[in-house]
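Student: let's see this in three dimensions:
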Amino acid sequence: MSTHCYIGATSPGQPRRVRARAVLYDAHPHVVLPALAAIWAHHTRHDTAALITAILAHDWEHLDPDATTATTSSSLAGQRTVAGVGVALTSTTRGVVDSPEPVTVFPLCHARHLDAEWIYLLHPDTDTVTVHSTDGTRIATYPLHCWSPTRAPVQRLPQPTHGRDDR
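Tutor: Okay, here's the model as predicted:
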């Protein structure tokens, strides 16, 4: 069975309203956190705002920072590889790729109504990602650099930052 998630961000003016995109497969933190860090380090060159833009461009079958059009395949027909990010969910009309669906917007307190086990919120001001459970409860916040592919492989989750965070 696949694990779904949403990845997105809030804005300073509306910190409780999430703008996010769905990821259909491989959404557990042990997969998503290293993938986000690798995309952040290589595709967006440590620019978290650019990472947010890349993620919000499409809904995703799965994230794959090593994706190239030559090496990545999809289990779903008609999907499009976005090099360095993953396999985007796309549709076509008469052979032309359609515009992506609008981003999903929801209040974090209503996250339990989504079909997702995890919600990841990116924070460009601190280069961090906060992991939330299916009901919107904050689990932990991790710096993206802790998952950097230039570091030795991490066998377990790094210690999260603790303390009250109302994001």
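Student: mind listing what residue 83 touches?
Tutor: Contacts for residue 83 were tallied using CB atoms under 8 Å, 6 or more residues apart in numbering; they are 43, 67, 68, 69. Quick note: C-beta positions are derived from backbone N, CA and C, even for glycine.
Student: wait, doesn't the second one sit right on residue 82?
Tutor: Yes - checked against CB atoms under 8 Å, the pair residue 67 and residue 82 is within contact range at 6.8 Å.
Student: filter the contacts of residue 83 down to the buried ones, ChimeraX style.
Tutor: Typed into ChimeraX, the line below selects the buried ones among these, using 16 or more other CB atoms under 10 Å:
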select :43,67
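Student: if you count neighbours, what's buried in the longest strand seen in the chain?
Tutor: Longest strand in the chain, counting residues (DSSP state E): strand 14-23. Within strand 14-23, the residues that count as buried by 16+ other CB under 10 Å are 18, 19, 20, 21, 22, 23.
Student: that one packs against which elements?
Tutor: Helices and strands touching strand 14-23, by 3 or more CB pairs under 8 Å, 6 or more residues apart in numbering; DSSP states H and E, are strand 5-11, helix 48-56, strand 60-63, strand 104-107, strand 118-123.
Student: same list (those) but as a markdown table, adding mean pLDDT, mean neighbour count and distance to residue 129.
Tutor: Output for the helices and strands packed on strand 14-23, formatted as a markdown table (pLDDT from 0 to 100; neighbours: other CB atoms under 10 Å; distance: least, CB to CB, whole Å):
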| stretch | mean pLDDT | mean neighbour count | distance to residue 129 |
| --- | --- | --- | --- |
| strand 5-11 | 95 | 21 | 8 |
| helix 48-56 | 98 | 19 | 9 |
| strand 60-63 | 95 | 24 | 12 |
| strand 104-107 | 95 | 14 | 17 |
| strand 118-123 | 97 | 22 | 5 |
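Student: tell me what residue 7 is bridged to.
Tutor: When bridges are called by DSSP bridges, residue 7 pairs up with residue 21, residue 120.
Student: where in the chain is pLDDT low?
Tutor: Scanning the chain with the threshold set as pLDDT under 70 gives 1, 70-78, 147-167.
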